[in-house]
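*Asks:* Next comes the sequence, and after it the predicted model I'd like to discuss.
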Amino acid sequence: MDLYYWATPNGKKCTIMLEECGLPYNTIPIDIGTGAQFEPDFLAISPNNKIPVLVDPDGPDGEPISVNDSVAILLYLAEKTGRFWVSEARARHTLMPWLLFQAAHIGPMLGQNHHFRVYAPEKLPYAIERYTTEAARLYGVLNTRLETHAWIAGDDYGILDMATYPWIASHERQGQDLNDFPAVQRWFAACSERPAVQRGMAVMADRKVDPDMDKDKWQNLFGNQNPSS
Ligand SMILES: N[C@@H](CCC(=O)N[C@@H](CS)C(=O)NCC(=O)O)C(=O)O
């Protein structure tokens, strides 16, 4: 399988899952700082010009398939391998809202928080305050869940933990102190101990987005422009 990747939280979710499943994979770097996400070949498999994308030569019908979006990739791999998934209906309907909580809240809000705290050329107090407060609220929601459950979905470690962990890994840059969220801290330590999580987080770690990127890179990533148009 080929994973089109850059070392960001959404990319790392997938390397963690591939490592957890013991699946062989190639990582194909898509340098989102140089605008590689806008190249026509990449847009053909990623219409929203984002990493990650997984290309599996052996899709469900035996034909190649490409899957874009990190959560869709986690679900794809869980279905393909039968691992880190819950087949029982009640457990699945408990997992899905939390998976959407990750996709719709944890990722986008912590991403915006990160943007205004780290990458914005102008430090806007209103935006920093808004997203840091929202991040703290989300950490609180997670903390309440983890006070009564070992893992986010319940008793078992799974794709929900893999989806959330790489975002929480940047807690300091999001202005959050894990001492304020003891259950998240306990869960974070438990995830961190897993060898597959360590391997997944380390993939191309030297290729992460540089907070001190130059103007061109900044424009590619945040300028809302398609450099190829
Ligand atoms: N919902 C998508 C979001 C993916 C996403 O935001 N990818 C970022 C890196 S983490 C990206 O490719 N950014 C490039 C750009 O916006 O031009 C997912 O979970 O995969």
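*Replies:* Now that the structure is in, tell me what you want to look at.
*Asks:* switch to C-alpha atoms for all contacts and neighbour counts from now on
*Replies:* Noted.
*Asks:* Would you indicate which residues of the lowest-mean-pLDDT helix or strand in the chain are buried?
*Replies:* Using mean pLDDT, DSSP states H and E, helix 215-222 stands out as the lowest-scoring helix or strand of the chain, at a mean of 84. Within helix 215-222, the residues that qualify as buried are Lys217, Trp218, Gln219, Asn220, Leu221, counting by 16 or more other CA atoms under 10 Å.
*Asks:* what's the most distant pair in the residues you listed?
*Replies:* With CA to CA as the measure, no two of the buried residues of helix 215-222 lie farther apart than Lys217 and Leu221, at 6.3 Å.
*Asks:* one step back: what subset of the buried residues of helix 215-222 is also close to the ligand?
*Replies:* Contacts with the ligand within the buried residues of helix 215-222, counted by CA under 6 Å from any ligand atom: Leu221.
*Asks:* which of the buried residues of helix 215-222 lies closest to the ligand?
*Replies:* Lowest distance from the ligand to those (CA to the nearest ligand atom) belongs to Leu221, with 4.7 Å.
*Asks:* ok, longest helix in this structure?
*Replies:* Longest helix in the chain, counting residues (DSSP state H): helix 125-148.
*Asks:* average pLDDT for the very next helix or strand once past that one?
*Replies:* The first helix or strand that comes after helix 125-148 along the chain, using DSSP states H and E, is helix 159-168. What helix 159-168 shows for mean pLDDT is 98.
*Asks:* same thing with stretch 192-205?
*Replies:* Average pLDDT, stretch 192-205: 97.
*Asks:* which residues are contacting it?
*Replies:* Residues from elsewhere that reach stretch 192-205 (CA atoms under 8 Å, 6 or more residues apart in numbering): 6-7, 12-20, 162, 166, 191.
*Asks:* ok, for Thr15, nearest residue in space, not its chain neighbours?
*Replies:* With sequence-adjacent residues excluded and distances taken as CA to CA, 6 or more residues apart in numbering, Thr15 is closest to Gly200, at 4.6 Å.
*Asks:* Flag every buried residue along the one helix or strand the one you found maps to.
*Replies:* Secondary structure from DSSP H and E places Gly200 in helix 195-202. By 16+ other CA under 10 Å, the buried positions in helix 195-202 come out as Ala196, Val197, Gly200, Met201.
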